[in-house]
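J.: Just to be clear, the model below is a prediction. Sequence and coordinates:
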Amino acid sequence: MKVLVLGVGNPTLGDDALGLYVARELREEISRKKLKIEVVIEESSLDWLTIAEKMVDYDKVILIDTAVVNEEKLVGRIFKFDLKGSDERYEYSYTLHNLSLQSAIKIIRRLSPEETPEKVILILIGIIEPKEFSNRLSPKIKRIIPRVVKEVLDEISKIN
């Protein structure tokens, strides 16, 4: 079993970089654990099609990204989706990336059906849309990192 954990975000858009920070924390946590499965942790600031190409040859993928919610009560909330097959419910692009993730996965599955992951878990964290460039997370979003790390580790433990 080969698992890819991919933190996604833009390092210059403040809270949108959360996935990158989570990936860095996970890299440290995973290095201390003895796992029976291979877990690769990467970061990406690229478009969904390029990200979907990274999924080739993995059995399971866990993506961590942000979702613009624009409601204060949803900021910091963790949303988790299991993107199965051609489920159309998640066709809309929830994030700041151009092509929807679901569309990108469909393209990759058509091009490389044997090499694409059977399971893709999407973990999104609610943020207010960034209005200015910043290389720092807001205090509220920074405090979420341990909870998101735990959520990913729980997903990994289900298959370890």
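T.: Yes, it's here.
J.: Any idea which helix or strand in the protein has the lowest mean pLDDT?
T.: Lowest by mean pLDDT, DSSP states H and E among the helices and strands of the chain is helix 101-111, with a mean of 70.
J.: so what strands line up beside the helix or strand following that one?
T.: For helix 101-111, the succeeding helix or strand toward the C-terminus, using DSSP states H and E, is strand 119-127. Take DSSP bridges as the rule and strand 119-127 pairs in its sheet with strand 60-68 (parallel), strand 78-83 (antiparallel).
J.: buried stuff in the next helix or strand after strand 119-127?
T.: Toward the C-terminus, strand 119-127 is succeeded by helix 139-142 as the next helix or strand (DSSP H and E). Going by neighbour count (16 or more other C-beta atoms under 10 Å), the buried part of helix 139-142 is Ile141. (Each C-beta comes from the backbone N, C-alpha and C, glycine too.)
J.: Who are the packing partners of the helix or strand containing Ile41?
T.: Counting by DSSP H and E, the element that carries Ile41 is strand 38-44. In terms of contacts (3 or more C-beta pairs under 8 Å, 6 or more residues apart in numbering; DSSP states H and E), strand 38-44 is packed against strand 2-8, helix 18-31, helix 48-54.
J.: helix/strand/coil for the closest residue to Leu4 other than its chain neighbours?
T.: In space, and not counting its chain neighbours, Leu4 is closest to Tyr58: 4.3 Å by C-beta to C-beta, 6 or more residues apart in numbering. Put simply, Tyr58 is coil when judged by DSSP: H, G, I helix; E, B strand; the rest coil.
J.: Can we start the residue count at 819 from this point?
T.: Right, with 819 as the first residue, what we last looked at is Tyr876.
J.: check contacts around Tyr876.
T.: Applying C-beta atoms under 8 Å, 6 or more residues apart in numbering, we find Tyr876 in contact with Lys820, Val821, Leu822, Val858, Pro935.
J.: next one: Glu847
T.: Val967, Leu971.
J.: now do 10 Å
T.: Ile859, Pro964, Val967, Lys968, Val970, Leu971, Ile974 (C-beta atoms under 10 Å, 6 or more residues apart in numbering).
J.: ok, it to Val967 distance?
T.: Taking C-beta to C-beta, to the nearest Å as the measure, Glu847 and Val967 are separated by 6 Å.
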